[in-house]
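Engineer: Using only what follows, build the 3D model:
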Amino acid sequence: MFLRGRRAAITPAEVGLPAGPRRRTSGLRRSEVAMLAGVSVEYLTRLEQGRDRHPSPQVLSALGEALRLTPSQRVHLYRLSKASGSGFSCMGDAVPGRDVRPTVRALLERLEPTPAILLNRLNEIVGRTAGFERLAGPIGLLDAPMPNFAWYVFTDERARTAYPDWDHVADEQVALLKQGPFRADRHVAGLADELTRSAGDAFVGRVGTVPGLPRSSGIVRWVQPEVGELRLAYEMLDLSAEDDQRLIVYLPADAATGAALHGLHHRPHGLRVVSG
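Structural biologist: Numbering: from 1, shown residues only. The predicted structure follows:
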């Protein structure tokens, strides 16, 4: 799915090929990618369909060049080739990390009053700053004892009001869950099953189409009941593999959002770090 999606996103002009008069789509044909990568069309077909699960490093490198993959996309392709269909998860049967290391806890404290959260591989919010609580509390994201970002986005109707670009936010939540072994991890598979039952095609359709490669930065719109619409730039940073967590920090993307956040953060509030 990832290879096919990238093939559709690359135009012939980007790789120095003529578009041709009878091209039905803007992306590359399978035969063109095969030629650029130096593999057969039949082999590329098997790779795209997941029927060949052990491509060599040389083939992966050639496909990365042919499809103009970024470094992070190449890493993702490598991970897919190792995890696809094998039932192997580098996390083994480890429970998703819910404890926050003291130094990471101290980092959150020093980020105040900036909205920031820690997510584990289930998209559970295991730590957050008071700045994030002021931002996300009124939209209901933190109502659960162990809030789960994906569960909120797909099952809470308030999420569609809180996020004007809900489809984009939903795509990113699926991409975060699919990053890595996905259903080879029984904990992630269990959450995916629950979301399948509760959210239906809104979740299932994305599992089949969204690649497991979330954006590490971007801009997201929030509608916060107390201050209205905000434009927030975010940066996502992975902690060590032992932590099994990622830090997301939200910054104002324009002056109006900066002023609104300043107003929200003016009231005294304590840090809340949840650990299980």
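
Engineer: how about the helices in the stretch 1-150 of the chain?
Structural biologist: Counting by DSSP state H, counting those that start in this stretch, the stretch 1-150 of the chain has helices at residues 2-9, 30-37, 41-48, 57-66, 71-83, 102-111, 130-136, 149-155.

Engineer: and of those helices, who's closest to residue 247?
Structural biologist: helix 102-111 (7.7 Å; Cβ to Cβ). For every residue, glycine as well, the C-beta is placed using N, CA and C.

Engineer: packing partners for that closest one?
Structural biologist: The helices and strands touching helix 102-111, judged by 3 or more Cβ pairs under 8 Å, 6 or more residues apart in numbering; DSSP states H and E, are strand 116-120, strand 125-128, strand 245-252.

Engineer: Tell me, how many residues neighbour the spatially closest residue to residue 121 that is not a sequence neighbour?
Structural biologist: Nearest residue to residue 121 in three dimensions, chain neighbours excluded: residue 96, at 5.2 Å (Cβ to Cβ, 6 or more residues apart in numbering). Around residue 96 there are 19 other residues, counting by other Cβ atoms under 10 Å.

Engineer: Could you number the chain from 136 rather than 1 from now on?
Structural biologist: That works, and once the first residue is 136, the last one we named lands at residue 231.

Engineer: Could you export the helices of the stretch 136-285 of the chain as JSON lines, including mean neighbour count, distance to residue 371 and mean pLDDT?
Structural biologist: Formatted as JSON lines, the helices of the stretch 136-285 of the chain follow (neighbours: other Cβ atoms under 10 Å; distance: least, Cβ to Cβ, whole Å; pLDDT from 0 to 100):
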{"stretch": "helix 137-144", "mean neighbour count": "18", "distance to residue 371": "19", "mean pLDDT": "82"}
{"stretch": "helix 165-172", "mean neighbour count": "18", "distance to residue 371": "29", "mean pLDDT": "89"}
{"stretch": "helix 176-183", "mean neighbour count": "17", "distance to residue 371": "28", "mean pLDDT": "87"}
{"stretch": "helix 192-201", "mean neighbour count": "17", "distance to residue 371": "22", "mean pLDDT": "86"}
{"stretch": "helix 206-218", "mean neighbour count": "17", "distance to residue 371": "11", "mean pLDDT": "68"}
{"stretch": "helix 237-246", "mean neighbour count": "14", "distance to residue 371": "14", "mean pLDDT": "95"}
{"stretch": "helix 265-271", "mean neighbour count": "24", "distance to residue 371": "14", "mean pLDDT": "95"}
{"stretch": "helix 284-290", "mean neighbour count": "22", "distance to residue 371": "12", "mean pLDDT": "97"}
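
Engineer: Kindly reformat those as JSON lines containing distance to residue 352.
Structural biologist: Shown next, in JSON lines, are these (distance: least, Cβ to Cβ, whole Å):
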{"stretch": "helix 137-144", "distance to residue 352": "19"}
{"stretch": "helix 165-172", "distance to residue 352": "28"}
{"stretch": "helix 176-183", "distance to residue 352": "29"}
{"stretch": "helix 192-201", "distance to residue 352": "21"}
{"stretch": "helix 206-218", "distance to residue 352": "11"}
{"stretch": "helix 237-246", "distance to residue 352": "16"}
{"stretch": "helix 265-271", "distance to residue 352": "17"}
{"stretch": "helix 284-290", "distance to residue 352": "17"}
